[in-house]
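*Asks:* A structural model of the following input is requested.
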Amino acid sequence: MAKITKHIDPDIHFRVLNALEENPHITQRELAQNLGVSLGGINFCLKALVEIGHLKINNFQKNSNKSAYLYLLTPTGISNKAMLTTSFLKRKMDEYKALKMEIDLIKSKIKDSNLINDSTR
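*Replies:* Sure, this is the predicted structure:
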């Protein structure tokens with residue numbers, strides 16, 4: 001297998017590990033749909049997570065559905081997920097603060113605009 005050298009987006013990395021921890025039996029297609037990522041993107045991410053040691057994939061050979069897999073976070077994956085959770089939360093809080101400031105600015109402009117429009121009538 002070729003080495004995967006591309007970087008995994010930290011938000012996708014966190015969201016995939018989080019989803020797999022909650023439902024290790026989820027299919028790649030379901031995971032892609034739930035996270036809004038292409039099926040190919042999920043496949044790439046899963047392969048990268050296996051390669052870096054955050055995920056172990058088991059196939060149920062005796063299962064009649066040969067495509068049934070179990071995705072298990074490794075101890076390294078669990079530890080890394082904790083760090084990713086912290087950085088994910090910080091990024092989202094920063095995004096929230098910036099968005100709130102932008103919304104407040106727009107509201108203020110609308111309010112000022114309405115006052116000007118009302119006073120000119």
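*Asks:* CA only for contacts and neighbour counts going forward, please
*Replies:* Fine.
*Asks:* Thought residue 7 was touching residue 45, still the case?
*Replies:* No. Assessed by CA atoms under 8 Å, residue 45 is found out of contact with residue 7, at 9.3 Å.
*Asks:* higher neighbour count, these two?
*Replies:* Each of residue 45 and residue 7 has its neighbours counted (other CA atoms under 10 Å); residue 45 has more, 20 against 9.
*Asks:* so how far is residue 10 from that one?
*Replies:* Relative to residue 10, residue 45 is positioned 11 Å away (CA to CA, to the nearest Å).
*Asks:* show me the contacts for residue 24.
*Replies:* Counting by CA atoms under 8 Å, 6 or more residues apart in numbering, residue 24 touches 70-72.
*Asks:* filter those residues to the buried ones?
*Replies:* Among those, those classed as buried by 16 or more other CA atoms under 10 Å are 70-72.
*Asks:* from those, which single one is nearest residue 32?
*Replies:* Nearest to residue 32 among the buried ones among the contacts of residue 24, counting by CA to CA, is residue 71 at 14.4 Å.
*Asks:* Beta-bridge partners for the closest one, please?
*Replies:* residue 57 (DSSP bridges).
*Asks:* That one: what's it in contact with?
*Replies:* Counting by CA under 8 Å, 6+ apart, residue 71 has contacts 20, 24-25, 55-58.
*Asks:* So it versus residue 106, what's the distance?
*Replies:* Counting by CA to CA, the gap from residue 71 to residue 106 is 45 Å.
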